[in-house]
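1. build me a model:
(one chain, ligands or ions: 1)
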Amino acid sequence: MGRLEGKVAVVTGAARGTGEATARLFVAEGARVVIADVSDEAAEKVASTLGERALALHLDVGSEADWSHAVEETLHHFGGLDILVNNAGLLHMCAIEETTLADYERIVRVNQIGTFLGIRSVVEPMRSGEGGSIVNISSVDGCWAKNGLIAYSASKWAIRGMTRVAAIELGRFGIRVNAVCPEQGSAEMIAPFVPEGIDATLAQSFMHPLLPNQQSRSNDERVGDIAEMIAFLASDAAASCTGADYAVDSGNTAGRQIQGMPGS
Ligand SMILES: NC(=O)c1ccc[n+]([C@@H]2O[C@H](COP(=O)([O-])OP(=O)(O)OC[C@H]3O[C@@H](n4cnc5c(N)ncnc54)[C@H](O)[C@@H]3O)[C@@H](O)[C@H]2O)c1
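-> Predicted structure coming up:
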């Protein structure tokens, strides 16, 4: 029996990357999953490989109307809603002085407002069912800072704050709310911002000084680790977990290694 047997999940941004890996793992663990994305063709393709346990739905997470429709369709098609993974996200890498208000608002609209709308949309169906689990995908960039990420980082820090507020408010309805802070994700997300001649996957793997054995693992394997954490938090095995952040970052945000000093 799978860890998510009998559960119905909505995974946003599931047409590729971390969302797709999560949706595939969820189905393997017995869940029925809505592949919710703005990228309709890719979402349909993922759903078609997963059979009757998957349904592709158009959802722009920044749209209230789309959320109403997605929740309605999920309830109609699968008869309930137990898990929401707020995974859809956009990246923008740019120096502060070159970041336009339009770009800033575009990132906040999807990453931050999309997460808010998602949480708000599932309160009623989860409350009237047996409770539920909401997993919000933040990032290591919601735990520390890097240059070039003024809008992205703001939105990812906000997700951790919203996670705690939601956990405090919704626990009384049996709804748990947690955040996952990955280091890794699909290379496609950062590719448009990586200067020519630099491999996006390699650029990411340089970020793992604490666990040298991680360097030899593929990007897909490490994205699989994120999906495993999401599946755990979504499952009843995480019954005691709410209002917390879970880094999946090979210890990257734990602190700094001071070379040459004892223990290094
Ligand atoms: N890529 C990384 O290095 C990395 C690192 C840490 C955290 N993350 C986070 O992980 C999550 C998944 O990212 P990924 O790496 O799989 O990126 P990705 O770009 O491969 O996937 C993002 C998905 O979100 C969808 N999407 C974009 N805008 C949307 C909208 N308005 N409504 C619905 N869907 C929308 C895209 O179509 C795509 O399928 C994001 O929240 C991202 O911020 C990524």
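
2. OK, contacts around the closest residue to Trp67 other than its chain neighbours?
-> Nearest-residue entry for Trp67: Ser121, 4.2 Å, with adjacent residues in sequence omitted and distances by C-beta to C-beta, 6 or more residues apart in numbering. Quick note: C-beta positions are derived from backbone N, CA and C, even for glycine. Ser121 sits next to 67-68, 70-71 when contact means C-beta atoms under 8 Å, 6 or more residues apart in numbering.

3. you'd agree Lys156 is up against Trp144?
-> No: using C-beta atoms under 8 Å, Lys156 is not in contact with Trp144; the gap is 10.2 Å.

4. what about the two, which has more around it?
-> Ranked by neighbour count (other C-beta atoms under 10 Å), Lys156 and Trp144 place Lys156 first, with 25 against 13.

5. how about the nearest residue to that one once chain neighbours are set aside, phi and psi?
-> Among residues not flanking Lys156 along the chain, Gly142 sits closest, at 3.1 Å (C-beta to C-beta, 6+ apart). Phi and psi for Gly142, reported as degrees, to the nearest 10, are phi -100, psi 10.

6. tell me the pLDDT of the residue nearest to Trp67.
-> pLDDT recorded at Ser121 is 98.

7. distance of it relative to the ligand?
-> Distance, Ser121 to the ligand, using C-beta to the nearest ligand atom, to the nearest Å: 13 Å.

8. can you check Val110 too?
-> Here the criterion is C-beta to the nearest ligand atom. By it, Val110 lies 4 Å from the ligand.

9. mind listing what that residue touches?
-> Val110 neighbours (C-beta under 8 Å, 6+ apart): 61-62, 88-90, 155.

10. so which of these would count as near the ligand as well?
-> 61-62, 88-90 (C-beta under 6 Å from any ligand atom).

11. tell me which residues touch the nearest residue to Gly132 once chain neighbours are set aside, please.
-> Of all residues not flanking Gly132 in the chain, Met126 sits nearest, at 3.4 Å (C-beta to C-beta, 6+ apart). For Met126, the contact set (C-beta under 8 Å, 6+ apart) comprises 81-82, 84, 132, 134, 170, 173-175.

12. out of the residues you listed, which end up buried?
-> Buried members of the contacts of Met126, scored by 16 or more other C-beta atoms under 10 Å, are 81-82, 84, 132, 134, 170, 175.

13. could I get those residues as CSV with pLDDT, secondary structure and distance to Lys45?
-> Below are these laid out as CSV (pLDDT from 0 to 100; DSSP: H, G, I helix; E, B strand; the rest coil; distance: C-beta to C-beta, whole Å):
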residue, pLDDT, secondary structure, distance to Lys45
Leu81, 98, coil, 23
Asp82, 98, coil, 25
Leu84, 99, strand, 22
Gly132, 98, strand, 28
Ile134, 99, strand, 26
Leu170, 98, helix, 34
Ile175, 98, strand, 31
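
14. just send those residues back as JSON lines, with distance to Glu97 too.
-> Putting the buried ones among the contacts of Met126 into JSON lines (distance: C-beta to C-beta, whole Å) gives the following:
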{"residue": "Leu81", "distance to Glu97": "43"}
{"residue": "Asp82", "distance to Glu97": "45"}
{"residue": "Leu84", "distance to Glu97": "37"}
{"residue": "Gly132", "distance to Glu97": "43"}
{"residue": "Ile134", "distance to Glu97": "36"}
{"residue": "Leu170", "distance to Glu97": "40"}
{"residue": "Ile175", "distance to Glu97": "41"}
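
15. and which of those is nearest the ligand?
-> Nearest to the ligand out of the buried ones among the contacts of Met126 is Leu84 (C-beta to the nearest ligand atom; 12.9 Å).

16. I appreciate the help and will end here.
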